[in-house]
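Visitor: Show me the folded form of this:
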Amino acid sequence: MKKSKGYRVFQFFNVLIMLLLVIATVYPFLYVLSQSFSAEQYILSGQVRFLPKGFNTNAYRLVFEQSTFFRGYFNTIYYTVVFVLLALFMTTLTAYPLSKKNLPGRGFFVKLVMFTMFFGGGMIPNFLLIKTLGLYNTVWAVTLPGAIGAWNVMVMMTFFAGLPEALEDAAAVDGLGQIGILIRIVLPLSKPIIATLVLFFAVFQWNEWFSPLIYFNQNDKYPITLFLRNILMSAQQLSTSSSSTAMLLENQQMRPAESLKAASIIMVTLPILLVYPFVQKHFVQGVMIGSVKG
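Guide: Here you go, the predicted structure:
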């Protein structure tokens, strides 16, 4: 079938717009990556555009030479895994009953969940609560408070409500209870939304630094974000003195603050970028279905 001129024009502009969006999305990452491998003087003079200038790995060497770096990575992975499992468990148990239209008081509970989207307890009350419960300096201090999110509950609730009721009715006739229906029927059909929320949970916890800063007072419990923050602050302080900079790098004219900042960003975001391609399919499906259904 011959395509019309109007269709070809539409396709041209469609491809052009998509190409511009790809460039706008990918270029910032490539720019930061180039900065992380560039000499500091080229970064400060604005000469780094696409490819590294004065290629070197000094910034990454400074990061890896820190004895606490790998400890921070282990802590971050540990906190992320615990948070994802806890958040998925609690979100599912909250969203599933709220998705039932015949649940007594459903409207009240839904409004109660939505209320938390607009009003919070505040930082000081949360801190006092964590201290009172004995959670200070524990993994639960940085995972339990954020395990239930109103938006995540609403998305999963909407997805559950869009599943065919006939499947659950048939399972109930076969003798399955609500827990059995949830585990054997609902969850296997909910892989797209589960993958979406897992990615949201993982990204949120992986980038989290403020809660550990408040609830931890031991350096060996810090996640990678706080370790890299401390490294960057130390490098910026050292770069203000030429003598200190000389001790930091072999070349006295190279100040590592900007390249170290770029290397820190790459090290923090790289794991998420490596995982995302494997869950992209489910991620897109989950966002579309969870937002439209219901």
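Visitor: Please identify the next secondary structure element, helix or strand, after the host helix or strand of Phe12.
Guide: Under the criterion of DSSP states H and E, Phe12 resides in helix 5-36. The C-terminal neighbour of helix 5-36 among helices and strands, as given by DSSP H and E, is helix 40-44.
Visitor: Pull out the buried positions in the helix holding Phe12.
Guide: Of the residues in helix 5-36, 32-36 count as buried by neighbour count, 16 or more other CB atoms under 10 Å. (Each C-beta comes from the backbone N, C-alpha and C, glycine too.)
Visitor: how about TSV for those, with distance to Ala172 added?
Guide: As requested, those are exported to TSV (distance: CB to CB, whole Å):
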residue	distance to Ala172
Val32	53
Leu33	54
Ser34	59
Gln35	59
Ser36	57
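Visitor: Among the residues you listed, which one sits closest to Arg61?
Guide: Ser36 (11.4 Å; CB to CB).
Visitor: The closest one against Ala262, yeah?
Guide: Yes: taking contacts as CB atoms under 8 Å, Ser36 lies within contact range of Ala262: 3.9 Å.
Visitor: Which residues are in contact with each of those two?
Guide: Residues touching both Ser36 and Ala262 (CB atoms under 8 Å, 6 or more residues apart in numbering): Ala59.
Visitor: pretty sure Trp194 is in contact with Phe89, am I right?
Guide: Heads up, residue 194 is Ile, not Trp. No: with contacts counted by CB under 8 Å, Ile194 stays clear of Phe89, the gap being 11.3 Å.
Visitor: more neighbours, these two?
Guide: A side-by-side neighbour count of Ile194 and Phe89, using other CB atoms under 10 Å, places Ile194 first with 20 against 11.
Visitor: Helix or strand for that one, just tell me which one.
Guide: Going by DSSP H and E, Ile194 is part of helix 191-207.
Visitor: Buried ones in that helix, by neighbour count?
Guide: Under 16+ other CB under 10 Å, the buried positions of helix 191-207 are 192-202, 204-207.
Visitor: and what of stretch 149-160?
Guide: Per 16+ other CB under 10 Å, stretch 149-160 contains these buried residues: 149-150, 152-160.
Visitor: Could you list which of those residues belong to helices?
Guide: 150, 152-160 (DSSP state H).
Visitor: could those residues be laid out in a markdown table, adding distance to Val22 and pLDDT?
Guide: Compiled in a markdown table, those are given as follows (distance: CB to CB, whole Å; pLDDT from 0 to 100):
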| residue | distance to Val22 | pLDDT |
| --- | --- | --- |
| Ala150 | 33 | 90 |
| Asn152 | 29 | 90 |
| Val153 | 33 | 92 |
| Met154 | 31 | 90 |
| Val155 | 27 | 89 |
| Met156 | 31 | 91 |
| Met157 | 34 | 91 |
| Thr158 | 30 | 89 |
| Phe159 | 29 | 89 |
| Phe160 | 34 | 90 |
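Visitor: about what we covered before: can you tell me which of the buried residues of helix 5-36 is closest to Phe115?
Guide: Val32 (39.0 Å).
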